[in-house]
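*Asks:* sequence isn't available, so here's the structure alone:
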């Protein structure tokens, strides 16, 4: 799982190498733990759902089936209306920049 944080040049501060290394080490550890927790949480959700038999609310857990409508395939609409990809580019929103911080 990655964390995306919007940042601009004014928010960048300089710090010494040792502090930076310590911060990176702690962040990497937390990101690893976060992945492990997310995996365990997903496994537990699947097990509870399998045993629940459907909608339930007990032991502090609420299990509720939710149905959402599918997304609209705007790319297909553009193609069906005869627009080329280049023509559709005129409608693209402004580019957004963000920083992606993750462990590797």
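*Replies:* Okay, I see it. Please read all numbers here as calculations on a predicted model, not as lab measurements. Numbers count the residues shown, from 1 in each chain.

*Asks:* distance-wise, check residue 20 relative to residue 88.
*Replies:* Look at residue 20 and residue 88: by Cβ to Cβ, to the nearest Å, they are 43 Å apart. All C-beta atoms are positioned from the backbone trio N, CA, C, and that covers glycine.

*Asks:* neighbour count for the two, which is higher?
*Replies:* residue 88 (15 against 11; other Cβ atoms under 10 Å).

*Asks:* thought the more buried one was touching residue 76?
*Replies:* No - in this structure residue 88 lies outside contact range of residue 76 using Cβ atoms under 8 Å: 11.6 Å.

*Asks:* next structured bit after the longest helix seen in the chain?
*Replies:* Longest helix in the chain, counting residues (DSSP state H): helix 17-52. Later in the chain than helix 17-52, the nearest helix or strand by DSSP states H and E is strand 56-58.

*Asks:* now for that next one, which elements pack on it?
*Replies:* Judged by 3 or more Cβ pairs under 8 Å, 6 or more residues apart in numbering; DSSP states H and E, strand 56-58 is in contact with strand 61-63.

*Asks:* packing partners of whichever helix or strand comes after the strand it packs on?
*Replies:* Counting by DSSP H and E, the next helix or strand C-terminal to strand 61-63 is helix 74-80. Helix 74-80 sits against helix 85-88, with contacts defined as 3+ Cβ pairs under 8 Å, 6+ apart.

*Asks:* fine by me, thanks again.
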